[in-house]
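Q: Prediction below, plus the sequence it came from.
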Amino acid sequence: MSRADEIAADLSWWRPATIAAELRLPTAGIARVPVVVMVHGSGGIIGIEERWSREVNDLGVATFLIDGFTGRGIVDTITDQFPFGTLTMINDAYRALDLLAKHPRIDATRIGIFGGSRGGRIALYASLKRFQRMYAAPATGFAVYLSFYAPCSTTYVDDSDVIDRPIRLFHGTADDAAPIAQCRSYVERLRKAGKDVELTGYAGAHHGFDNPGSPVRRLETQSRSRCLLNESSGREHRQSRYRPAVDIQ
């Protein structure tokens with residue numbers, strides 16, 4: 001998939017893939033527990049997910065970690081983001097939601113989604129009703145959307161029309177791979193639309209701040225952080241879905 005192809009209405013050309021995931025339940029004792037679907041970033045599963053899973057389990061919440069790369073023959077997308085569509089794992093996440101909602105130990109009303117960087121983009125934009133209609137079973141959605149240092153450089157069609165659930169973004173102010181200013185603009189638009197959204201900024205923190213051993217700098221990754229992109233609609237949308245806008249200096 002390339003660029004915005006993964007959000008085209010005609011999904012008939014998709015190649016099927018079998019992906020893996022791991023469910024970790026907290027200590028037994030509660031009949032049904034909440035769960036967070038975890039979506040990894042461009043490096044694939046790198047270890048920070050292990051720490052997050054332990055901490056979340058300690059809170060009495062299960063985790064369901066999706067490996068969206070291995071089953072598709074992808075090692076990582078750090079230096080090349082586009083052999084694999086940047087929004088494709090929204091579909092993976094909603095398939096996970098369907099599966100977990102039927103699990104006897106999971107409270108189907110309390111299934112959230114969490115991700116960082118590329119995974120943060122999934123966690124953030126899975127909230128769009130547009131994608132919910134495309135990927136989710138009718139009348140289903142996540143209970144909360146938790147997005148860490150997501151790229152907010154693309155304005156999608158109808159991206160202010162999100163599911164009426166809490167959306168929480170967490171970002172470092174020194175992030176030069178996915179600048180916080182772009183997410184501030186998006187959050188402001190969502191607030192004006194009356195949505196339940198909050199952005200928490202961490203002073204001086206870089207991209208990947210929750211992985212203290214390896215915060216990411218922009219020059220180490222393929223980044224569009226200096227570009228703003230707009231998805232078009234109608235005929236222009238069909239011919240060229242992305243159009244470069246302003247280069248932020």
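A: Ah, there it is.
Q: quick one: the strands in the protein?
A: Assigned by DSSP state E, the chain shows strands spanning 20-24, 33-39, 62-67, 106-116, 145-148, 154-155, 167-172, 197-202, 227-231, 242-247.
Q: Out of these, which gets the lowest mean score?
A: Between these, the lowest average pLDDT goes to strand 242-247, which shows a mean of 30.
Q: Quick check: Ile167 touching Tyr145?
A: Yes. Here Ile167 reaches Tyr145: they are 4.5 Å apart, a contact under CB atoms under 8 Å. C-beta here means a position set from N, CA and C on the backbone, and glycine is covered the same way.
Q: if I look at those two, which residues touch both of them?
A: Counting by CB atoms under 8 Å, 6 or more residues apart in numbering, the common neighbours of Ile167 and Tyr145 are 124, 127.
Q: Can you tell me the centre-most residue of the protein?
A: Ile122 (1.9 Å; CA atoms, centre = their mean).
Q: Tell me who's in contact with it.
A: 39, 87, 89-90, 93, 113, 115.
Q: Just want the phi and psi numbers for the residue of the chain most remote from its centre.
A: Here the centre of the chain is the reference, and by CA atoms, centre = their mean the most remote residue is Gly29, at 30.9 Å. Main-chain dihedrals, Gly29, degrees, to the nearest 10: phi 150, psi -30.
Q: So for it, what pLDDT did the model give?
A: 71.
Q: same thing with Ala4?
A: 47.
Q: Equivalent analysis for Glu220, please.
A: Here, the pLDDT recorded for Glu220 equals 47.
Q: which intervals of this structure have sub-threshold pLDDT?
A: 1-14, 80-83, 212-226, 234-249 (pLDDT under 70).
Q: Mind jotting down where the helices sit in it?
A: 48-58, 89-101, 118-125, 129-135, 180-192, 234-239 (DSSP state H).
Q: TSV please, covering these and showing distance to His206.
A: Shown next, in TSV, are those (distance: least, CB to CB, whole Å):
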stretch	distance to His206
helix 48-58	14
helix 89-101	23
helix 118-125	14
helix 129-135	29
helix 180-192	11
helix 234-239	35
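Q: so which of those is the most packed in?
A: Of these, the one with the most neighbours on average (mean count of other CB atoms under 10 Å) is helix 118-125, at a mean of 27.
Q: Report the angle between that one and helix 89-101.
A: Angle between the axes of helix 118-125 and helix 89-101 is 70 degrees (criterion: axes from the mean of the first three to the mean of the last three CA atoms, to 10 degrees).
Q: Can I get helix 118-125 in PDB, CA atoms only?
A: Extracted C-alpha coordinates of helix 118-125, given in PDB (Å, rounded to 0.1, in the frame of the first residue of the first chain):
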ATOM      1  CA  ARG A 118       3.300   5.100  13.900                       C
ATOM      2  CA  GLY A 119       1.200   3.200  16.400                       C
ATOM      3  CA  GLY A 120       0.100   6.500  18.000                       C
ATOM      4  CA  ARG A 121      -1.200   7.500  14.600                       C
ATOM      5  CA  ILE A 122      -3.300   4.400  14.500                       C
ATOM      6  CA  ALA A 123      -4.600   5.000  18.100                       C
ATOM      7  CA  LEU A 124      -5.500   8.600  17.200                       C
ATOM      8  CA  TYR A 125      -7.100   8.200  13.800                       C
END
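Q: closest one to Asn211 among the strands of the chain?
A: Nearest of the strands of the chain to Asn211, taken as CB to CB: strand 106-116 at 8.3 Å.
Q: Report the buried residues of the closest one.
A: For strand 106-116, burial by neighbour count (16 or more other CB atoms under 10 Å) applies to 106-107, 110-116.
Q: out of those, who's nearest Ile78?
A: The closest of the buried residues of strand 106-116 to Ile78 turns out to be Gly116 (CB to CB; 13.4 Å).
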